[in-house]
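Participant: build me a structure from this.
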Amino acid sequence: MNDKSFDSSANTDRLESFECRDVTARLGELVDNELAGNERKAVEEHLDTCPDCAAFFASYRHVVQSAAELREPETPLPVDVQNRLRKALNTRLGLTLPYIA
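Facilitator: This next block holds a predicted model:
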């Protein structure tokens, strides 16, 4: 993304100008249908004119949709496997996940 500015002032509703960083900051709200009116229209119009943001949004939406499809496994992992995973994450990522007793 190159922080191109999207000037939507030519519209009669007088939309504000959005840059790439403005759009990416609102992608979560767009996916959750929490943007309304001119703000939603400005984001959508920017996505229509900016291939970088459009590609990023497509990836973002795919990740959100994939995460929504995740579910708990039918059979939980054994405690020893969970603890080995926690140990590996703690070591590799510097986390402090507690072990399961």
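Participant: so what's the residue count around Cys53?
Facilitator: Other residues near Cys53 come to 26 when the count uses other C-beta atoms under 10 Å. The way it works is simple: take the backbone N, C-alpha and C, and place the C-beta from them, glycine included.
Participant: isn't it right up against Arg26?
Facilitator: No: using C-beta atoms under 8 Å, Cys53 is not in contact with Arg26, being 10.6 Å away.
Participant: can you pull the buried residues of the helix or strand hosting Arg92?
Facilitator: Here Arg92 sits within helix 79-93, counting by DSSP states H and E. Along helix 79-93, these residues count as buried under the neighbour rule (16 or more other C-beta atoms under 10 Å): Asn83, Arg86.
Participant: next one: stretch 23-38
Facilitator: Under 16+ other C-beta under 10 Å, the buried positions of stretch 23-38 are Val23, Thr24, Arg26, Leu27, Leu30, Leu35.
Participant: looking at those residues, which is nearest Ser59?
Facilitator: Comparing the buried residues of stretch 23-38 against Ser59 with C-beta to C-beta places Leu27 closest, at 10.0 Å.
Participant: all strands of the protein, in order?
Facilitator: Using DSSP state E, the strands of the chain run over residues 5-6, 18-19.
Participant: which stretch in these has the least confidence?
Facilitator: Within the strands of the chain, confidence is poorest for strand 5-6, with a mean of 44 (mean pLDDT).
Participant: tell me the contacts of Pro98?
Facilitator: Arg86 (C-beta atoms under 8 Å, 6 or more residues apart in numbering).
Participant: for the remainder of this discussion, apply numbering that starts at 35.
Facilitator: With 35 as the first residue, the last one maps to Pro132.
Participant: make CSV out of the buried residues of stretch 57-72 and add pLDDT and distance to Arg126.
Facilitator: Formatted as CSV, the buried residues of stretch 57-72 follow (pLDDT from 0 to 100; distance: C-beta to C-beta, whole Å):
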residue, pLDDT, distance to Arg126
Val57, 93, 34
Thr58, 91, 28
Arg60, 94, 33
Leu61, 94, 29
Leu64, 95, 34
Leu69, 92, 37
